[in-house]
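In: For reference, the sequence and a predicted model appear below.
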Amino acid sequence: KQEVTQIPAALSVPEGENLVLNCSFTDSAIYNLQWFRQDPGKGLTSLLLIQSSQREQTSGRLNASLDKSSGRSTLYIAASQPGDSATYLCAVGSGYSTLTFGKGTMLLVSP
Amino acid sequence: KAGVTQTPRYLIKTRGQQVTLSCSPISGHRSVSWYQQTPGQGLQFLFEYFSETQRNKGNFPGRFSGRQFSNSRSEMNVSTLELGDSALYLCASNPGGSYEQYFGPGTRLTVT
């Protein structure tokens, strides 16, 4: 059974800092890995999707890497802003539509 | 294109009752997945429907069921509600042949 762990569970940083969120998974037989953002009480917004054959994806200030063999992914956020405050969820895809989620990292960026 | 819509957004039910939640996927998307989110367990996969057929199922009791209509809209039903069913229920749609999931805003169910 796939298990996904995210570290740290919570993170508080001042505006402008670069930061790294970590995700690990137990079964390397994955189709893809996705990072989502969730604002309080809201649905999920897809940030980055890395297919199993890829090593990284970038979108603006976000960069996600994937190391399947070691079961790890990192989400790098450059020059953090207060608007980045949210919960960040890592999800591993074992098929087209089945995702196993971590518990998330709650990020607070203070001005 | 309009995003994924879920109705109702909030719902309060009593233990023992049943509830039906609705999800309308993005136009053209044929796959709809349902997830339950609770503070203790996080996000857990319930089931996925593709072209009116259940394609995958998570580890939930039979009280949780769903269906998909010919227009790809999906409903999930929970019978004999328990306090532990209180959660945010999220649905996601996928065009099929792609890994990208598009999530709706969720239905917040409170069981009293």
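Out: Nice, I can see it.
In: which stretches of chain B form helices?
Out: Applying DSSP state H to chain B gives no helices.
In: Test of understanding: give the bridge partners of the most centrally placed residue in it.
Out: By Cα atoms, centre = their mean, chain B has its centre lying nearest to B:W34, at 3.4 Å. On the basis of DSSP bridges, B:W34 is bridged to B:F47, B:C91.
In: right, and B:R63 touches B:V78 too?
Out: Yes. Look at B:R63 against B:V78 with Cβ atoms under 8 Å: they come within range, at 5.8 Å. Using the backbone N, CA and C atoms, a C-beta is placed for each residue, glycine as well.
In: which of these two has more neighbours?
Out: More crowded of B:R63 and B:V78, by other Cβ atoms under 10 Å in any protein chain shown: B:V78, with 25 against 13.
In: In this structure that one contacts B:P61, no?
Out: No. Counting by Cβ under 8 Å, B:V78 stays clear of B:P61, with 9.6 Å between them.
In: Tell me the residues of chain B that contact chain A?
Out: Proximity of chain B to chain A, by Cβ under 8 Å from any Cβ of the partner chain, involves residues B:4, B:31, B:33, B:35, B:42-45, B:48, B:50, B:55-56, B:58, B:88, B:90, B:92, B:94, B:96-106, B:108.
In: Put the buried members of those residues into a PyMOL selection.
Out: PyMOL command restricting the residues of chain B next to chain A to the buried ones, with burial defined by 16 or more other Cβ atoms under 10 Å in any protein chain shown:
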select buried, chain B and resi 4+31+33+35+42+43+44+45+48+50+55+56+58+88+90+92+94+99+101+102+103+104+105+106+108
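In: can you pull the contacts of B:R55?
Out: By Cβ atoms under 8 Å, 6 or more residues apart in numbering or on different chains, the contact set of B:R55 is A:97, B:31, B:48-49.
In: 6 Å instead?
Out: Contacts for B:R55 (Cβ atoms under 6 Å, 6 or more residues apart in numbering or on different chains) come out as B:E48.
In: now it: how far from B:E48?
Out: Here the criterion is Cβ to Cβ, to the nearest Å. By it, B:R55 lies 5 Å from B:E48.
In: and the nearest residue in space to A:E3 that is not next to it in sequence, how far is that from chain B?
Out: Nearest residue to A:E3, sequence neighbours excluded (Cβ to Cβ, 6 or more residues apart in numbering or on different chains): A:T26, at 4.6 Å. Distance, A:T26 to chain B, by Cβ to the nearest Cβ, to the nearest Å: 15 Å.
In: Local confidence estimate at A:T26?
Out: Reading off the confidence values, A:T26 has pLDDT 96.
In: Could you do B:L43 as well?
Out: 95.
In: Once you drop chain neighbours, what's closest to it?
Out: Closest to B:L43 by Cβ to Cβ, 6+ apart is A:F101, at 4.0 Å.
In: who does that neighbour bridge with?
Out: A:A91.
In: how about the strands in the chain?
Out: Because you didn't say which chain, this covers chain A. A:4-7, A:10-14, A:19-25, A:32-38, A:44-51, A:56-59, A:62-67, A:72-77, A:86-93, A:99-101, A:105-110 (DSSP state E).
In: that's the wrong chain, I wanted chain B
Out: Going by DSSP E, chain B shows strands at B:5-7, B:10-13, B:19-24, B:31-38, B:42-50, B:53-57, B:64-68, B:74-78, B:87-94, B:102-103, B:107-111.
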